[in-house]
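Student: Let's see this in three dimensions:
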Amino acid sequence: MGQICPSTASPLCVGHRHLRHSLLSHGRSKAPTEFPDLSFLPPEMAISILSHLSATELCLAGCVNEYWQELADSELLWKGLCYSDWGNIDSFLPDGMVPIQSYKRLYLLMDDGSSLFNGDSVSGLEFLLNNGVVGPSDRHIGCFLHESRRLHADKVLRLLQDRRGVLDELVGLLDFHDVFLPDALRKFFTEVPAPKVRGDFLEHLLTKFSRRYFECNRDMGLPQDTTYVLCYSLIMLSVDLGSPHVKNKMTKREFIRNLRGAVQGTPGDYLVNLYDNIYLHGHVAKKSHYKVYNNADF
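Tutor: Next up, the predicted model:
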């Protein structure tokens, strides 16, 4: 038979041959005891392997030798990490910013800033602004909160309580088109952490949500004030059905009867579906340490 790879084989083919030889050299009866050297592989394949590492693991990989360090410093890898942890970074970078020269430097600044933010939102945001990785406007900050996957819900909540303009921008980024009301409310509290107790700020949030939900679903025939009442009722129902301290759970009949006078014109089937959704899928503001879900406790 002819050669599998001719003498003029591509680097990828040569890389496969080196990798196969490295694995077979350990014998057929036992697993390899060491990872094959990335220098045996084409750079494209080596970078593809390293793309599965976290930032910390990537930095450690760069300590192996000079070649691994060169691979670990690849802008392609650090750009991927930036977008993985902070989403569409272009949406919150300062306007008119010069093209990014080093994604690794950007990642490290964002990482330091996010860690500071999770300790104190004011200090963390100030660090990000001073280092020019988040723009100064409410729109930039709202986009940063919307895109980031690394922020603690408590700290996001504190910032939004103090910066109502940022809250407006963040809510404006949410799309609830054709989303069932309880699911839209869950999505809202994923982005905008709910306060731990009922009060003025919760009412403010529900007002913002109701307005945005109406803007996204004008053809639904659900007025903004009706949406507000339904949202508050869904929160109360979530607590009632989910709390182990409530022995006598609200029935579907009671839920519908309580709402009929307050939301006249809303079809009974719609109210039935609202109740069923909470019964089957649980609280509209689930607890979580990070912003990705929520930390509400009504």
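Student: residue ranges for the helices of the stretch 1-150 of the chain, please.
Tutor: 11-24, 43-50, 55-61, 66-72, 75-86, 103-119, 121-130, 138-147 (DSSP state H, counting those that start in this stretch).
Student: What lies in contact with the longest one?
Tutor: Under the contact criterion Cβ atoms under 8 Å, 6 or more residues apart in numbering, helix 103-119 has outside partners 55, 73, 75, 78-79, 81-82, 85-86, 89, 100, 123-125, 127-128, 131, 133-134, 148, 150-152, 155. To be clear about C-beta, it is placed using only N, CA and C from the backbone, and glycine gets the same treatment.
Student: Show me which of the residues you listed are buried.
Tutor: Among the contacts of helix 103-119, the ones that count as buried by 16 or more other Cβ atoms under 10 Å are 55, 78-79, 81-82, 85-86, 89, 100, 124-125, 127-128, 133-134, 148, 150-152, 155.
Student: Show the average pLDDT along stretch 44-64.
Tutor: Mean per-residue pLDDT for stretch 44-64: 92.
Student: how far does it sit from the chain's center?
Tutor: How far stretch 44-64 lies from its chain's middle: 23 Å, per Cα atoms, centre = their mean, to the nearest Å.
Student: if we can go back for a sec, which one of the helices of the stretch 1-150 of the chain lies closest to Asn273?
Tutor: Among those, the nearest to Asn273 by Cβ to Cβ is helix 138-147 (28.8 Å).
Student: excluding its backbone neighbours, what's nearest the residue most central in space within the chain?
Tutor: Computing the C-alpha centroid of the chain and ranking residues by Cα atoms, centre = their mean puts Arg149 first, at 4.0 Å. Spatial nearest neighbour of Arg149, excluding adjacent residues (Cβ to Cβ, 6 or more residues apart in numbering): Asp85 at 5.8 Å.
Student: Then Ala184?
Tutor: Phe176 (4.2 Å).
Student: Is that neighbour in a helix, a strand, or coil?
Tutor: coil (DSSP: H, G, I helix; E, B strand; the rest coil).
Student: That one and Glu191: what is the separation?
Tutor: Applying Cβ to Cβ, to the nearest Å, the value for Phe176 to Glu191 is 11 Å.
Student: can you list the weak-confidence ranges in this structure?
Tutor: 1-36, 287-298 (pLDDT under 70).
Student: about what we covered before: looking at the helices of the stretch 1-150 of the chain, which is nearest to Leu93?
Tutor: helix 138-147 (7.8 Å).
Student: quick one, that closest one and helix 121-130 angle?
Tutor: 110 degrees (axes from the mean of the first three to the mean of the last three Cα atoms, to 10 degrees).
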